[in-house]
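**Q** Provided below are the primary sequence and the corresponding predicted coordinates.
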Amino acid sequence: MLKLSIKQLLQQKQHNQDEHGKNFFGTDITLQGWVRNKRDSKAGLSFISLTDGSCLTTMQIVAKAQLPNYENILKLTKDCSISVIGTIEKSLGSNQDFEIIAKEIQIIGWVENPETYPVSPKRHTVEFLREVSHLRIRTNLLSSVMRVRNTISYAIHEYFQQNEFYWIHTPIITATDAEGAGELFQVTSLNLNDLPRDGLGKIDYKNDFFGKQTFLTVSGQLNAEAYCLAMSKVYTFGPTFRAENSNTTRHLAEFWMVEPEVAFADLNQNAKLAEELLKFIFNKVLNDNLHEIDFFVEYIDKEVRNRLTSLVANKFEVITYTEAIEQLLKPGKNFENPVYWGVDLSSEHERWICETLVGRPTVVINYPKDIKAFYMRANDDGKTVAAMDVLAPGVGEIIGGAQREERYDLLVNRMKELGVGLEALSWYLDLRKFGSVPHSGFGLGLDRLVSYITGVNNIRDIIPFPRASKSANF
């Protein structure tokens, strides 16, 4: 007996039959999944809408009263699990080309107390669904988001592997604050009820597991730089952590980052890589998630498809930070956040730049050094660094990156200027002493990218089990 997923069945219908339906209609198959809904008729028929998560489309199962367990079939409710053996037949209904006429339906798992089952057939708010994150994947919204998230993740690997990048697994536990913001989760094996102290009364981390203070990483960038300076093109893709107590729709404490690093690459090449990667991802979603896009357009954001096709079709504009500020300062604009040279651009500034000033995705380059990290390459003007932000209409910043400072003396001076510990990063400085080359990279937050592509605004609704301040359930 041929066992198929619903997605495989739809693909077989599309590709493997001739114009008369030979080798498709009349075939017996096995399907397994969960009841999405059920409708019973007085004519002794039950119409079961079956989902198995392989795609957004459900499959109609026709159960006749002659089935030996039809009395139990009548008791099926949403998300009961069943296994169906049946025959593919042309459908007489208007909503599907074909259906499965059941020969046998095995009930595998009942839903206990369907009256109190949290994910009932009615529509639920995303706020409620966050309270039942272990069950919310059983909704069209979350399952569609997760299929798109899978496509995006696969496309990222596919793009980099096709372009001779090596995937480097950088450490989750680190002694380094790559961003210098100090928003770190500490990792310790010490007894918090009986902490060891040194002569000054401070915690003695020599007795800790690693013999020093350690944290969950906020970025794999510094480690990736070490490997790019021997393997030329590398990328990291994994979870990162930030103890930023921001209860907003854009922040998570645990999130996934993609961070490529390329040797012998300047800022312009970095911007080109970012553009190519985004267009590759967006094209992949447009080609592989047609039904999900239709769903998002109908129920979430009618501009989803237009946003994706527009980004793919348009060449990214490149402007300097100084040019952007000059335009922002021109009369006739009313921003909530102040504008001046040296300000870190807010979301409203970024969106105005790419939506109103340029009208397409925009790369802003050469930011003031005082608002950027220690590792960014100093420009000749002494005021700016070779940093870049990729801005996308509808959201603002979607990628942040820079050319790295490859000159040992300038890097040391900058670290001293910002109070970054030289001893703790002596290994990082070694990279500038032993065969240093210009190199560049950027960070792309997977979760924000999923949010942007799907139109689901709250980042907590596009990750399976969100971690945020005062929220670490499931």
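**A** Structure's in. What do you need? Numbering: from 1, shown residues only.
**Q** how about the helices in the stretch 251-400 of the chain?
**A** With helices called from DSSP state H, counting those that start in this stretch, the stretch 251-400 of the chain shows them at 267-288, 290-299, 304-313, 321-328, 347-351.
**Q** can I get these in JSON lines with mean neighbour count, distance to Asp40 and mean pLDDT?
**A** C-beta: built from backbone N, CA, C; applies to glycine. As requested, the helices of the stretch 251-400 of the chain are exported to JSON lines (neighbours: other Cβ atoms under 10 Å; distance: least, Cβ to Cβ, whole Å; pLDDT from 0 to 100):
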{"stretch": "helix 267-288", "mean neighbour count": "19", "distance to Asp40": "36", "mean pLDDT": "98"}
{"stretch": "helix 290-299", "mean neighbour count": "16", "distance to Asp40": "27", "mean pLDDT": "97"}
{"stretch": "helix 304-313", "mean neighbour count": "17", "distance to Asp40": "36", "mean pLDDT": "95"}
{"stretch": "helix 321-328", "mean neighbour count": "18", "distance to Asp40": "62", "mean pLDDT": "97"}
{"stretch": "helix 347-351", "mean neighbour count": "18", "distance to Asp40": "51", "mean pLDDT": "95"}
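**Q** And those helices: which comes nearest Ser143?
**A** Closest of those to Ser143 is helix 290-299, at 8.8 Å (criterion: Cβ to Cβ).
**Q** Which neighbouring elements make contact with that closest one?
**A** For helix 290-299, the elements it packs on are helix 140-162, helix 304-313, judged by 3 or more Cβ pairs under 8 Å, 6 or more residues apart in numbering; DSSP states H and E.
**Q** Is it possible to get a markdown table of these that adds distance to Asn379?
**A** Shown next, in a markdown table, are the helices and strands packed on helix 290-299 (distance: least, Cβ to Cβ, whole Å):
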| stretch | distance to Asn379 |
| --- | --- |
| helix 140-162 | 28 |
| helix 304-313 | 28 |
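**Q** Which among these is found nearest to Arg404?
**A** Short answer: helix 140-162, nearest of the helices and strands packed on helix 290-299 by Cβ to Cβ, at 18.7 Å.
**Q** on that earlier part again, closest one to Ala65 among the helices and strands packed on helix 290-299?
**A** Taking the helices and strands packed on helix 290-299 one by one with Cβ to Cβ, helix 140-162 is closest: 30.1 Å.
**Q** Show me where the stretch 51-200 of the chain has its helices.
**A** Under DSSP H, counting those that start in this stretch, the stretch 51-200 of the chain gives helices at 70-73, 126-130, 140-162.
**Q** what does the second one contact?
**A** The set of residues external to helix 126-130 that reach it, using Cβ atoms under 8 Å, 6 or more residues apart in numbering, is Val119, Arg136, Thr139, Leu141, Leu142, Val456, Asn458, Arg460, Asp461, Pro466.
**Q** Neighbours of Ser83, how many?
**A** 14 (other Cβ atoms under 10 Å).
**Q** Which strand residues bridge it?
**A** Gln32, Gln106 (DSSP bridges).
**Q** what separates it from Leu31, distance-wise?
**A** Distance of Ser83 to Leu31, given as Cβ to Cβ, to the nearest Å: 8 Å.
**Q** And for Gly382?
**A** 67 Å.
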